[in-house]
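Colleague: sequence and predicted structure below; questions after.
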Amino acid sequence: MRDYDLVVIGGGPGGYEAILYAAEKYGMRTALIEKEALGGTCLNHGCIPTKTLLHSADLYRQFMDCERFGLSAGQVSYDMEKIQARKSEVVNNLRSGIELLMKQKKVDVIKGTGCIIGPNEVEAKDFEGNVKKLETEHILIATGSCTSMPPIPGADLPGVYTSDTLLERKEEPFDHLLIIGGGVIGMEFASIYNSLGSKVTVLEAMPRIISNMDKELSQSLKMLMKKRGVAIITGAMVEKICSSESGEGILECTYKEKETVQSAKADGILVCTGRRPYTTGLFGEGFTLSMERGCIVTAENGETSVPGIYAIGDVTGGIMLAHAATAMGRNAVAHMNGAQPPVNLSVIPACIYTDPEIASVGLTADQAKELGIAAGSRKALMTANGKTVLSGQERGFIKVVFEKETKKLLGAQMMCARASDMISEFAQAITTGLTLDQMYSVIRPHPTFSEAITEACN
């Protein structure tokens, strides 16, 4: 008998959720190998700490604007060390919960690195250098991704950060933060530091920010951020970073915009141009899996080119989202046990936690057109929504995309308060094949942000 039914390498949302599902649903004998802390990038260096900082920053901005609600406050200030301490408290509490679940489900947690040396063999190496060979029926790779630093000269200078290192910074915010990359990570950090009073400039190489989302979401976010004082420069190709002669601790970033060389000075630079799959040390000598551009190739059920070995989440490329990895993990475990996949992977929502929030699921109108689908769209402006007006929210909208002939819902894009919560209603509607008329038939309470869903489907 082998040591385990399943060994998982990587303790992020994909890995730890999969192993808990395997232990509870199927009674599998399990072991989890994690080289850092349980929870992976999402809990320790990504989603949770970023959103915790965003929440503190948004509260501070609201305090500074409280007079329009008939309120007054004394000297409003913030302490970055205390904000960071609260972030650490949130992360530690959630991590402790995961550790408790591991004990309850009798999962063997091994702190160290995992190396696959054969179809059913994994070498687990702890931090003292001790190596233990584990024999297992199945292997699940959930090693996630790491920050991808582009080859920009000067990117290693003091004062240049990745999202990981900036999340740990306890000093007072910058006078001027320059962000290279206008994707989800870049725009969330722009929102944090803008709310805390820093001057913020965003350089994006693509023609628009959050370029993987609906054009209208991109345009609306750009207008809103500019209104708050954030400078956004698109089509900007960064050439180098160097120390500026204008003062100690000042950096100068040179970039090309429309064939014209420009420069911007800042006391902090964040480089967040993407992430790449993490496979360092994953395979032993003479053993490998089918790979494509650094990503592990898998079938729809998560199985790799070697039967019995599965891979999920960021390490496979595709959609790099925690909830996508979790869903993939559960489906992979089900396949190991000859069961049908419990989760529909064709509809995966995405969210950006700016203020107002942005969320999207399914097809945009442009994507439907590219696929040759005769589609229409309808939109409800949040300026006519009672909850939006009374709570002093900024501009926003809810847009639905549907098939013209059947009125079946194809997608939805939202920019409004609570968008990250409400997008699930659309995800369920698309998955179950609901039409606009069926969505419209549901009574939603008043006054709520969700009332706008009814209006968009009217």
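Modeller: Everything's here; your move. Residues are numbered from 1 along each chain as shown.

Colleague: state the mean pLDDT of stretch 403-411.
Modeller: Model confidence over stretch 403-411, given as mean pLDDT, is 97.

Colleague: typo on my end, it should be stretch 81-90
Modeller: Stretch 81-90 shows a mean pLDDT of 97.

Colleague: next one: the most centrally placed residue in the chain from E67, what distance?
Modeller: For the chain, the residue lying nearest the average C-alpha position, counting by Cα atoms, centre = their mean, turns out to be L321 (5.0 Å). From L321 over to E67 the distance is 38 Å, taken as Cβ to Cβ, to the nearest Å. Where C-beta positions appear, they are placed from N, C-alpha and C, glycine not excepted.

Colleague: before we move on, what about R169?
Modeller: On the measure of Cβ to Cβ, R169 and E67 end up 31 Å apart.

Colleague: what about those two, which has more around it?
Modeller: R169 (13 against 9; other Cβ atoms under 10 Å).

Colleague: nearest spatial neighbour of A37, chain-adjacent residues omitted?
Modeller: Ranked by Cβ to Cβ, 6 or more residues apart in numbering and with sequence neighbours excluded, the top spatial neighbour of A37 is N44, at 5.2 Å.

Colleague: so which elements touch the longest helix seen in the chain?
Modeller: Longest helix in the chain by number of residues (criterion: DSSP state H): helix 80-104. Packing contacts for helix 80-104, counted by 3 or more Cβ pairs under 8 Å, 6 or more residues apart in numbering; DSSP states H and E, involve helix 13-26, helix 40-44, helix 47-64.

Colleague: recalculate using a threshold of 6 Å.
Modeller: helix 47-64 (3 or more Cβ pairs under 6 Å, 6 or more residues apart in numbering; DSSP states H and E).

Colleague: just checking, what packs against the helix it packs on?
Modeller: Contact here means 3+ Cβ pairs under 6 Å, 6+ apart; on that basis helix 47-64 packs against helix 80-104, helix 184-195.

Colleague: for the stretch 151-300 of the chain, just list every one of the strands.
Modeller: 160-161, 176-180, 199-204, 231-234, 236-243, 251-257, 260-266, 268-271, 275-277, 291-292, 295-296 (DSSP state E, counting those that start in this stretch).

Colleague: wait, which of those is closest to A37?
Modeller: When the strands of the stretch 151-300 of the chain are compared by Cβ to Cβ, strand 275-277 sits nearest A37, at 18.3 Å.

Colleague: now do the closest one: everything it contacts.
Modeller: Among residues not part of strand 275-277, those counted as contacts by Cβ atoms under 6 Å, 6 or more residues apart in numbering are S145, T147, S148, G294, C295, D314, V315.

Colleague: rebuild those residues as JSON lines, extending it with distance to L270, secondary structure and neighbour count.
Modeller: Formatted as JSON lines, the entries for the contacts of strand 275-277 read as follows, by distance: Cβ to Cβ, whole Å; DSSP: H, G, I helix; E, B strand; the rest coil; neighbours: other Cβ atoms under 10 Å:
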{"residue": "S145", "distance to L270": "18", "secondary structure": "strand", "neighbour count": "24"}
{"residue": "T147", "distance to L270": "11", "secondary structure": "strand", "neighbour count": "18"}
{"residue": "S148", "distance to L270": "14", "secondary structure": "coil", "neighbour count": "14"}
{"residue": "G294", "distance to L270": "23", "secondary structure": "coil", "neighbour count": "13"}
{"residue": "C295", "distance to L270": "25", "secondary structure": "strand", "neighbour count": "18"}
{"residue": "D314", "distance to L270": "20", "secondary structure": "helix", "neighbour count": "29"}
{"residue": "V315", "distance to L270": "24", "secondary structure": "helix", "neighbour count": "27"}
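
Colleague: that older thread, as TSV, the strands of the stretch 151-300 of the chain with distance to V361 and mean pLDDT would be great.
Modeller: Below are those laid out as TSV (distance: least, Cβ to Cβ, whole Å; pLDDT from 0 to 100):
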stretch	distance to V361	mean pLDDT
strand 160-161	31	97
strand 176-180	26	98
strand 199-204	24	98
strand 231-234	25	98
strand 236-243	30	96
strand 251-257	33	96
strand 260-266	35	96
strand 268-271	28	98
strand 275-277	21	94
strand 291-292	27	96
strand 295-296	23	98
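
Colleague: could I get the ones you listed as a markdown table with distance to Q413?
Modeller: Written out in a markdown table, the entries for these read as follows (distance: least, Cβ to Cβ, whole Å):
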| stretch | distance to Q413 |
| --- | --- |
| strand 160-161 | 31 |
| strand 176-180 | 24 |
| strand 199-204 | 20 |
| strand 231-234 | 20 |
| strand 236-243 | 25 |
| strand 251-257 | 28 |
| strand 260-266 | 31 |
| strand 268-271 | 26 |
| strand 275-277 | 24 |
| strand 291-292 | 30 |
| strand 295-296 | 27 |
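
Colleague: what comes up buried for stretch 280-300?
Modeller: Within stretch 280-300, the residues that count as buried by 16 or more other Cβ atoms under 10 Å are L282, L289, C295, I296, T298.

Colleague: start to end distance for that stretch?
Modeller: 24 Å (Cα to Cα, to the nearest Å).

Colleague: over to stretch 371-378?
Modeller: Taking Cα to Cα as the measure, stretch 371-378 stretches 19 Å from start to finish.

Colleague: and that stretch, how far from the chain's centre?
Modeller: Shown here is stretch 371-378, whose average C-alpha point lies 28 Å from the average C-alpha point of the whole chain (Cα atoms, centre = their mean, to the nearest Å).

Colleague: ok, now stretch 98-118?
Modeller: Stretch 98-118 has its average C-alpha position 24 Å from the chain's average C-alpha position, going by Cα atoms, centre = their mean.

Colleague: which residues in the stretch 251-400 of the chain form helices?
Modeller: Along the stretch 251-400 of the chain, the stretches classed as helices by DSSP state H, counting those that start in this stretch are 322-336, 365-370, 386-390.

Colleague: and V400, which of those helices is closest to it?
Modeller: With distances scored as Cβ to Cβ, the stretch of these nearest to V400 is helix 365-370 (9.9 Å).
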